[in-house]
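Colleague: please find the sequence and the predicted model below.
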Amino acid sequence: METVRSTEKVRCGQLSSIKYRSSIERCLTTSHVMSSVSLDQKEQVATSYVTYADLECVDYKYLLCGLSDGGVAIYDTSVVKEGSIYGEVGSVKGGQRGTHKYQVECVQWYPADAGLFSTSSRDKRIKIWDPNRMKVVDQFDIDCHIHHHQMSPVATKHSLLAVAGDSGEVILCDLRSGTSTHRLRGHDGAVRTTQWSPRVQHLIASSGCDRTVRMWDVRGSHPFIMALDANHHAAESFRRNKKIKRIPQAHKSQVVSFCFTHDGLWLLTFGRDGELKLWNSTTGRKMDVSYGEMFTDTRRNLRMAVTPSMHPDLVFLPCKSKVLVLEILTGRLVNVMSGHFSTVFGALYNPSSMNLYTFGNDHNFITWTPKIFDVNELEEDENRTLDLLELPKRQRVTQDNWSSDED
Amino acid sequence: MDGDRRAAHLKYLVEKLTTSGKDNLDEEKFKKIKKICKQSDIYVIELYRLVIKQLKKKHAEIRYSAFQICDAIFRRSHCFRELLLKDFMQFIDLALGLDPKKPLPKPDAVARKLKQKCVEAIQYWYDHFSDGYLTLKRAYSYLRDCKKVDFAELTARTEAEQQRAEEERRKAEEMKNKKIEKIKRELEGTSDEINDCITQFHNCFKLLIPDVHDFFIPLSSEEVGSQEESLVTDSGKDIQGEASYGGDEELEEKAEYGSEFMRGHGIMKGTNVKITLEDVRKVQRTEDNEVVIENLKEYICILSTKLLPSVRRWEEIIQPYSAGNESLIKTIIDHKISIQNCVKRFESLNIVNKENQTVIKDINSDSDDDDDFIEVPWDDPRVVRAAASEAALLEITKHSSSHSTSSQPDEPDNQPSSSGLCHTSSQVQSGSSKTSESYRFPDEYLSKGTSAPKRHHNPLAGLSQVWTATADLHEQEEVQSTGGILGIATQRVNYERSWEPVKWACRAPLKTGQLCPRKDREKCPFHGPIVPRDETGKPLRPEDAAREQAAREQYERDHPAWQDPQLLAELKAATGVDLKIDKGRRKRNRYENLTDLKKTTPKERLAKKVLSKKAVRRLNVALNKEHRSAPNTSSDFRFS
């Protein structure tokens, strides 16, 4: 109904066509339903499952999955083979030469093209892969456990890989030289997540077990800029007030997930205390957006997804076994997707197909597709009298079958 | 309005069905449910709500019945499937109980069945409906991959259970290997010994009784006889003690045809007397073969007491692990059979002593199964005579012995009741040691004095009646023979209890109008302490009467006259009203068909008492005490 009204508005010139498109998209994304399309699930008991996934950001086609047995697999999301599975492009099984010893903690495509990707694991290694040959081309040995790593999506002047280390440091590895160049010290306890700003190439944010979210500038010798403070609305600046000893905390508990919005203006953080908070990424100011009660039961990093350039932007937040869809700026809950049976590890949004991919502890990988208004369905509703055998299989199965003797 | 009525009916039906406690659903009622649900999806939704509510009850039988409804409706209604799959995890938790924090409720047998059926049902649903319902597909793979539900074997076990089972299996395997290994080792070590033993036995046996087949038998049996070292005789024919001849053959040879002997036996000419020597196993012990027999006995002793039991033990141990160890088992069984053959062979042997009538004792002395002591019947005249003479020696009056026999109560009527207190009736008689007559025990003075203190010694009862510091009989005799000063050291005390029959009865009035005939010393188990009563049974003393009255009133208050079960039954039959007062505050179970979960088995009740903290502590204390006192007692024994 809303779409029809919007169409009217576009015609009258009240709404730009770009906005119209984004609002249509938004409408569709709020109506995600589970789709049958999935990864190749073997009939036998699956030995590995997806622990982390990333979508290549050039044409949003290739899905990179880190597996629990240390292997990686790449799927082509644009090709759906028979049996409702994505076509596999390449994969390396765990245990093979060059793969990680333990389960893959984090995977990321090279932001500029799909000619490189990186994986990290608990075996203290970061591996750089060539997806065309599915071979390891480089490897960083880090002296502590790795929880997360990321490359800046907008970097043009550097090719640094930020690694969230268990030792409480953000370790910067230079892909060009193949060595670790820089360490950002300050976190008390393990660093769980690092995120490069999608707007400024030298800005990096990190969150750790010490409940703080810190912003760093990698250029300077004093890289620490500020920490997000939940109590004061303006974040304390380290430079302005050097006397301050205590680093302000962003959450009451460990931060399990955080990410920049697509435009880099906002920062969303999600703590183990079940609070989602919105921050202004430039000032470190906490915005008064109430997202309602949420719960999480994991210490693991969660991957939340934000939609790029939609009219009101949406965030897909894994919350126990459900995925919540929230409007970022208003905090309105627009959809709850439940299909997983255990903790959801992450959500991935595909802007080109508007699909959402989620993976979780229940070994399932679910693709959610927007509900598409199908004319055929209406017609079929009319023709209920059709013989059961003539209906498509799905229809046939979902029929009521009361036996006739129950009259 | 009609809908409301139907919904109410649905509720009633679901409740009835789920609380039936039966294995299968009642067809009649379930058909009604299906009929209602078929009319509209509204009823299906209502049914879903009701069934889930029942499924949440903490009783496996309710859950089982609710699950059966679920399964049946799931196969029929699309709406129900959608509803169930929406909350599938909840359903799984309630019906499969995979969450270790929320296990299935009791009773366990039904819970197990519920689990089993649930897995079967999910498999069925998956096979038939998974194409139409994505959630079902995902749930299936989730259960299969994460929860390790084995759909192939249709078992749902939690991971911990699986691990435990695996561990157990591994342990059993290890144990088995260890056992087999041990047996192999033992077998290796002992097989030589067994073989040696058996060969030696056989050789000995051959020496004793040569096997007929072992050598060529010449026609003249004289040669045979001369080769034999042992004496083989037919039964009854060796009275004259013929030496070194295989009896019959030789006899036949001796008694030529037509002789007195043959005629006497009525044996005609041409008669062939066939004698199988195999069965002839009678051997007379002579000086020549004594060593051989001794050896034979020795070997058979080793074989039957040492080797055979160990072989049997191996066989027993290895029996359950027969697969894969056939050769080992075969060796063991071979050994067993050969040993058994040896033993059998030996048992068939009848060794006759040369002078068997004359000196029994000398021969008996070397056989191992003879007792050192011969049991002599008590009333043997010799014993009586000996005892009498002993008694005369010890100057024992006839009176004391007769007294002691009379102290054995023989009429059952006079059996002392356990309720009576012992110490009042028992008399302590003490007899000082024979040597020191003047020495008196204090107990003696404590006794009532009805029987004069006397020396008391009963030879027939033996010395065991006497409490002495030394238990040994021989030493006792020594003490007695030495007498004098040593006698003081051993003080004999005879505790004797004179039986006094109970002269009174309880005499409490019974319902039948009679008086209680029980004869107890202190207290009747039915009517309490025994008090003096008159002929009608009323207590003589007023305070007893008052107490009895109070007890009766108390009883009547607890059990009103109209609560008589017979009367109540009549009333119920007449009016249909059950006036029975429930004892206590216990509420009657609403669903009497269900298994009562709160009911405890006798075993549980006992376990609660026996394994309670208090009891265990008491046991520990007792054990500690015993442990500590053990060395003391051992040191005590060292003195005797």
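Modeller: Structure received.
Colleague: got the phi/psi numbers for A:Thr194?
Modeller: phi -130, psi 140 (degrees, to the nearest 10).
Colleague: top helix in chain B by residue count?
Modeller: Of all the segments of type helix in chain B, defined by DSSP state H, the longest one is helix B:159-208.
Colleague: likewise for chain A?
Modeller: Longest helix in chain A, counting by DSSP H: helix A:17-29.
Colleague: flag every buried residue along that one.
Modeller: A:Tyr20, A:Ser22, A:Ser23, A:Ile24, A:Glu25, A:Arg26, A:Cys27, A:Leu28, A:Thr29 (16 or more other C-beta atoms under 10 Å in any protein chain shown). Bear in mind the C-beta positions are built from the backbone N, C-alpha and C, glycine included.
Colleague: buried stuff in the helix or strand following it?
Modeller: Next in sequence after helix A:17-29, counting helices and strands by DSSP states H and E, comes strand A:32-35. The neighbour-count check on strand A:32-35 (16+ other C-beta under 10 Å) flags A:His32, A:Met34, A:Ser35 as buried.
Colleague: alpha carbons only: can I get strand A:32-35 in PDB?
Modeller: What follows is strand A:32-35, C-alpha atoms only, in PDB (Å, rounded to 0.1, in the frame of the first residue of the first chain):
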ATOM      1  CA  HIS A  32      12.200 -11.100   4.700                       C
ATOM      2  CA  VAL A  33      11.000 -14.600   4.800                       C
ATOM      3  CA  MET A  34      13.000 -17.800   5.000                       C
ATOM      4  CA  SER A  35      14.000 -19.200   1.700                       C
END
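Colleague: that one close to chain B?
Modeller: Yes: contact of strand A:32-35 with chain B (C-beta under 8 Å from any C-beta of the partner chain) involves A:Met34, A:Ser35.
Colleague: what's downstream of that strand, the next helix or strand?
Modeller: strand A:50-55.
Colleague: pLDDT on that following strand, on average?
Modeller: Averaged over strand A:50-55, pLDDT sits at 88.
Colleague: please compute how far it lies from its chain's middle.
Modeller: Relative to its chain's centre, strand A:50-55 lies at 8 Å (C-alpha atoms, centre = their mean, to the nearest Å).
Colleague: ditto for stretch A:87-94
Modeller: 21 Å.
Colleague: in stretch B:505-515, what counts as buried?
Modeller: Those would be B:Cys506, B:Arg507, B:Ala508, B:Leu515, for stretch B:505-515 by 16+ other C-beta under 10 Å.
Colleague: now whatever residue of chain B ends up closest to chain A: how far from B:His78?
Modeller: With C-beta to the nearest C-beta, the shortest gap between chain B and chain A falls at B:Gly132, namely 3.3 Å. To B:His78, B:Gly132 is 8 Å away according to C-beta to C-beta, to the nearest Å.
Colleague: now A:Val213
Modeller: With C-beta to C-beta as the criterion, A:Val213 and B:His78 are 48 Å apart.
Colleague: same deal with B:Asp87?
Modeller: Here B:Asp87 is placed at a distance of 16 Å from B:His78 (C-beta to C-beta).
Colleague: so between those two, which is more surrounded?
Modeller: Between B:Asp87 and B:His78, counting by other C-beta atoms under 10 Å in any protein chain shown, B:His78 is the more crowded of the two (18 against 14).
Colleague: for the buried residues of stretch B:505-515, give me CSV that also has distance to chain A and secondary structure.
Modeller: Output for those, formatted as CSV (distance: C-beta to the nearest C-beta, whole Å; DSSP: H, G, I helix; E, B strand; the rest coil):
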residue, distance to chain A, secondary structure
B:Cys506, 72, coil
B:Arg507, 75, coil
B:Ala508, 70, coil
B:Leu515, 73, strand
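Colleague: same list (those residues) but as a markdown table, adding distance to A:Thr283.
Modeller: A markdown table is the format used below for the buried residues of stretch B:505-515 (distance: C-beta to C-beta, whole Å):
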| residue | distance to A:Thr283 |
| --- | --- |
| B:Cys506 | 101 |
| B:Arg507 | 105 |
| B:Ala508 | 100 |
| B:Leu515 | 106 |
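Colleague: quick one: B:Lys32 and B:Lys16 touch, right?
Modeller: No: B:Lys32 sits out of contact with B:Lys16 when judged by C-beta atoms under 8 Å, with a separation of 10.1 Å.
Colleague: ok, back up a step: anything in the longest helix of chain B near chain A?
Modeller: No: judged by C-beta under 8 Å from any C-beta, helix B:159-208 stays clear of chain A, getting no closer than 12.6 Å.
Colleague: list the contacts of A:Phe365.
Modeller: Under the criterion of C-beta atoms under 8 Å, 6 or more residues apart in numbering or on different chains, the neighbours of A:Phe365 are A:Ser38, A:Leu39, A:Gln41, A:Tyr49, A:Val50, A:Ala53, A:Cys65, A:Tyr357, A:Thr358, A:Phe359.
Colleague: helices of chain A, start to end?
Modeller: A:2-12, A:17-29, A:375-382, A:393-397.
Colleague: quick one on the thing from earlier: now the two most distant members of the buried residues of helix A:17-29.
Modeller: Spatially, the most separated pair among these is A:Tyr20 and A:Thr29, at 15.0 Å (C-beta to C-beta).
Colleague: the closest residue to chain B within the stretch 51-200 of chain A: neighbour count?
Modeller: Ranked by C-beta to the nearest C-beta, the top residue of the stretch 51-200 of chain A for proximity to chain B is A:Ser84, at 9.6 Å. Neighbour count of A:Ser84, defined by other C-beta under 10 Å: 15.
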